[in-house]
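Student: just coords:
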């Protein structure tokens, strides 16, 4: 059995390395797409979907018009809007279908992935690559993470997204106090 402290230290190091390996210019381009969007709709499946929901919440806290695809209150997308999807392994048929719908409606599309040559990222206008293990490469010799399945990618998404919010906060001149004011009081 793995020692808890040793495993936590290794997992934290893996998360740090994956997030630190994101290209800064790529993250800046991604932030620029978000900053210029009229409306932002986000989507992901499984645990990646949870990370996209977390990002949608922070974008809302920033005062941006952010929504989660599939929610009853999600608006349509069109020209001037941005659909952000997550496809860590590079391909999910449902995600690819949404990218097609958004593109056909005139919206820009962005993908967060670990596999930039996958079908979903190749179909998007902007790609943010987080080089981390996903379920596409979590077995046998290809598995390098102490964390199971796609957990390394999902954890690195969370950390990368929080840094992205710090970049956007500076770019859009949004204060921490302004973000706090937008936090729900129904908890």
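Tutor: Looks like it arrived, so ask away. Keep in mind that what you see is a predicted model, and the values were worked out from it rather than measured.

Student: C-alpha from now on. contacts and neighbour counts both.
Tutor: Will do.

Student: Mind listing residues that contact stretch 4-17?
Tutor: With contact meaning Cα atoms under 8 Å, 6 or more residues apart in numbering, stretch 4-17 is reached by 145-147, 152, 155-156, 159.

Student: If we use 6 Å, what do you get?
Tutor: The contact list for stretch 4-17 (Cα atoms under 6 Å, 6 or more residues apart in numbering) reads residue 156.

Student: Which residue ranges of the protein form helices?
Tutor: Assigned by DSSP state H, the chain shows helices spanning 4-20, 24-36, 46-61, 93-104, 119-123, 151-172, 176-181.

Student: Dump those helices to CSV, plus mean pLDDT, distance to residue 81 and mean neighbour count.
Tutor: Shown next, in CSV, are those (pLDDT from 0 to 100; distance: least, Cα to Cα, whole Å; neighbours: other Cα atoms under 10 Å):
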stretch, mean pLDDT, distance to residue 81, mean neighbour count
helix 4-20, 95, 27, 16
helix 24-36, 98, 9, 16
helix 46-61, 98, 14, 20
helix 93-104, 98, 9, 17
helix 119-123, 98, 16, 22
helix 151-172, 97, 17, 19
helix 176-181, 97, 22, 12
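
Student: Could you export those as JSON lines, including distance to residue 75?
Tutor: Formatted as JSON lines, the helices of the chain follow (distance: least, Cα to Cα, whole Å):
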{"stretch": "helix 4-20", "distance to residue 75": "31"}
{"stretch": "helix 24-36", "distance to residue 75": "17"}
{"stretch": "helix 46-61", "distance to residue 75": "14"}
{"stretch": "helix 93-104", "distance to residue 75": "12"}
{"stretch": "helix 119-123", "distance to residue 75": "22"}
{"stretch": "helix 151-172", "distance to residue 75": "23"}
{"stretch": "helix 176-181", "distance to residue 75": "23"}
